[in-house]
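Asker: my questions are about this predicted structure, shown below with the sequence.
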Amino acid sequence: DHVPYPATVFYRPGLKRFLRGLASLGVDLVLFTAGIESYASPIVDKMESFAGVTFSRRFYREATTRTDEHKHVKDLTKLGTDLSRTVLLDDNPLSYCLTPFNGVPVMPFSPAVGEQEEEDDDDEDGGNGDNGAGG
């Protein structure tokens, strides 16, 4: 593990089903986080293992862009992808201010009191990953 201290990871409900559904459709899953790579990478490793998917590329804080107004903006033009086929799901609208039409806002997530780590909708898909993408 890259993190020199224990970390508990809580996953947003529906994450496993959502990522598996996208992967089953052949979507290129790319991760872009404002987190520092040494901290975020082991968490992303766990997320990939948990969901049974692999991100084709990962972008960390070092890849964010500083603007006059914001410190860490996720500039999707750096991905080198067709922006007409690219979306960024983020709970912070400032993250996609350079490409606002590509941003999909999501509600911030905080685990509920007593919620178990690494749970995902009581594994509604029965572990087979056959359900389509959902949120």
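Answerer: The structure has been received and is ready for your questions.

Asker: contacts and neighbour counts: CA atoms only from here.
Answerer: Will do.

Asker: what separation do you get for Pro100 and Leu29?
Answerer: From Pro100 across to Leu29, the span is 19 Å (C-alpha to C-alpha, to the nearest Å).

Asker: any buried residues in stretch 18-35, and which?
Answerer: Phe18, Leu19, Arg20, Gly21, Leu22, Ala23, Phe32, Thr33, Ala34 (16 or more other C-alpha atoms under 10 Å).

Asker: the longest helix in this protein is where?
Answerer: Counting by DSSP state H, the longest helix found in the chain is helix 37-51.

Asker: rewinding a little: among the buried residues of stretch 18-35, name the ones in strands.
Answerer: Among the buried residues of stretch 18-35, DSSP state E puts Phe32 in strands.

Asker: identify the farthest-apart pair in the buried residues of stretch 18-35.
Answerer: Gly21 and Ala34 (24.6 Å; C-alpha to C-alpha).

Asker: quick check: bridge partners of the residue minimising distance to the centre of the chain?
Answerer: Nearest to the mean C-alpha position of the chain, by C-alpha atoms, centre = their mean, lies Leu31 at 5.6 Å. In this entry, Leu31 is beta-bridged to Arg58, by DSSP bridges.

Asker: on that earlier part again, reformat the buried residues of stretch 18-35 as a markdown table; add distance to Asp45.
Answerer: Formatted as a markdown table, the buried residues of stretch 18-35 follow (distance: C-alpha to C-alpha, whole Å):
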| residue | distance to Asp45 |
| --- | --- |
| Phe18 | 17 |
| Leu19 | 14 |
| Arg20 | 15 |
| Gly21 | 19 |
| Leu22 | 18 |
| Ala23 | 16 |
| Phe32 | 14 |
| Thr33 | 13 |
| Ala34 | 16 |
